[in-house]
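Peer 1: I would like to see how this sequence folds:
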Amino acid sequence: MKVLPTLLAASVFMTYASYAADSAVVETTKPSVYVLDEENQRLADTYARMLRYYEQRNFSSTRSVRVLMSNYPHHVEPILYAAFDRYPRHYRHIIKAAIDAEPAFTRDVISAALNLRVADPAEIVRIAVETEPSYAEAIVGTVDEIDPAHLNEVIRVAVTTEPHTADGILRANKEAEVGKLESIIQAVLAAAPAVGGYLADTISDIIGSAEAEESGEINQDQERQRAITLLRSAYNAGGLTKEQLNAIAARHELTSQELDSIVNQ
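Peer 2: Numbers count the residues shown, from 1 in each chain. So this is what the prediction gives:
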């Protein structure tokens, strides 16, 4: 497949103005440990030649990435590999340009940036959420898959960057085991305590119902304990008022003794 001639032909009619924002660069490390498979390496070599071609015609790194991503979004990995390798200090502009060009490929862009270690995961998340906040839960979920040790930190960054992402992040993790979900609730509310009131219904929804039909006594007891644990976590993090806590406890039919254990423990 003659990829390079095709790409060159596609670019002939582009204008050659530079993108001024690309002058703001920061120091970072070049990609190192991540290795592409044979096919993607071949494509990355092709896109590296394309980047040199665009550079000779005064294209900024930002504009070059936008052109390539717009025309070949299914080649996210080799495009970004080539771009990060050629312009390691421009990673902010490259991530933003790739997401701007193809928002539907945000998860793939984040995966490439994380795998290539172009910056700290929290910094990658901040850039991505600022660029496309509607994909915040997918962005956070990608970090959880690739580098879960940073999950709480990237949640804090995502919610601090755009508080309205809190609801989607919580709901995206509603099936998580209770210890992980408890930690996520704490991270969300610690990052943006002011959104706690607006999240009361979300928290109530994700803790589940204590009276599932056809469930045995043991399962019901486990659900009640789950509700108590998560409510205690939310209340202690300052995300719920006493009135909201009482309303959620009533909805899930917790006893006064169970409610006291949430407040006083």
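Peer 1: assign a three-state SS to residue 36, would you?
Peer 2: On the three-state scheme (DSSP: H, G, I helix; E, B strand; the rest coil), residue 36 is labelled coil.
Peer 1: typo on my end, it should be residue 187
Peer 2: At residue 187 the chain is in helix, as set by three-state DSSP.
Peer 1: list the contacts for it?
Peer 2: Counting by C-beta atoms under 8 Å, 6 or more residues apart in numbering, residue 187 makes contact with 151, 152, 155, 156, 159. (Glycine included, C-beta is placed from N, CA and C.)
Peer 1: distance check, it against residue 141.
Peer 2: 14 Å (C-beta to C-beta, to the nearest Å).
Peer 1: gap between residue 190 and residue 159?
Peer 2: If you go by C-beta to C-beta, the gap between residue 190 and residue 159 works out to 9 Å.
Peer 1: do residue 237 as well
Peer 2: Separation of residue 237 from residue 159 (C-beta to C-beta): 12 Å.
Peer 1: then residue 169?
Peer 2: Separation of residue 169 from residue 159 (C-beta to C-beta): 7 Å.
Peer 1: which residue packs closest to the residue nearest the centre of the chain, ignoring adjacent ones?
Peer 2: Of all residues in the chain, the one closest to the mean position by C-alpha atoms, centre = their mean is residue 139, 1.7 Å from it. Once flanking residues are discounted, residue 139 sits nearest to residue 128: 4.8 Å by C-beta to C-beta, 6 or more residues apart in numbering.
Peer 1: so the one you found: helix, strand or coil?
Peer 2: Classification of residue 128 using three-state DSSP returns helix.
Peer 1: let's number from 42 now, not from 1
Peer 2: Noted, 42 is the first residue going forward, which turns the last one into residue 169.
Peer 1: what's around residue 227, how many residues?
Peer 2: Neighbour count for residue 227, taken as other C-beta atoms under 10 Å: 19.
Peer 1: next, the closest residue to it other than its chain neighbours: phi, psi?
Peer 2: Distances taken as C-beta to C-beta, 6+ apart put residue 278 closest to residue 227, at 4.9 Å, once the chain neighbours are dropped. Backbone torsions for residue 278, taken as degrees, to the nearest 10, come to phi -80, psi 0.
Peer 1: these two touch, right, residue 278 and residue 225?
Peer 2: No: counting by C-beta atoms under 8 Å, residue 225 is not a contact partner of residue 278; they are 10.9 Å apart.
Peer 1: neighbour count winner among the two?
Peer 2: In this comparison of residue 278 against residue 225, neighbours counted by other C-beta under 10 Å, the higher total goes to residue 225 at 24 against 17.
Peer 1: where's the more buried one, which helix or strand?
Peer 2: helix 219-232 (DSSP states H and E).
Peer 1: which elements pack onto the next helix-or-strand element following that helix?
Peer 2: Sequence-wise, the next helix or strand downstream of helix 219-232 (DSSP H and E) is helix 241-247. Where contact means 3 or more C-beta pairs under 8 Å, 6 or more residues apart in numbering; DSSP states H and E, helix 241-247 is packed against helix 207-213, helix 258-277, helix 283-292.
Peer 1: please redo it, this time with the cut-off set to 7 Å
Peer 2: Counting contacts by 3 or more C-beta pairs under 7 Å, 6 or more residues apart in numbering; DSSP states H and E, helix 241-247 is packed against helix 207-213, helix 283-292.
Peer 1: rank those by pLDDT, which is bottom?
Peer 2: For the helices and strands packed on helix 241-247, mean pLDDT drops lowest on helix 283-292, to a mean of 89.
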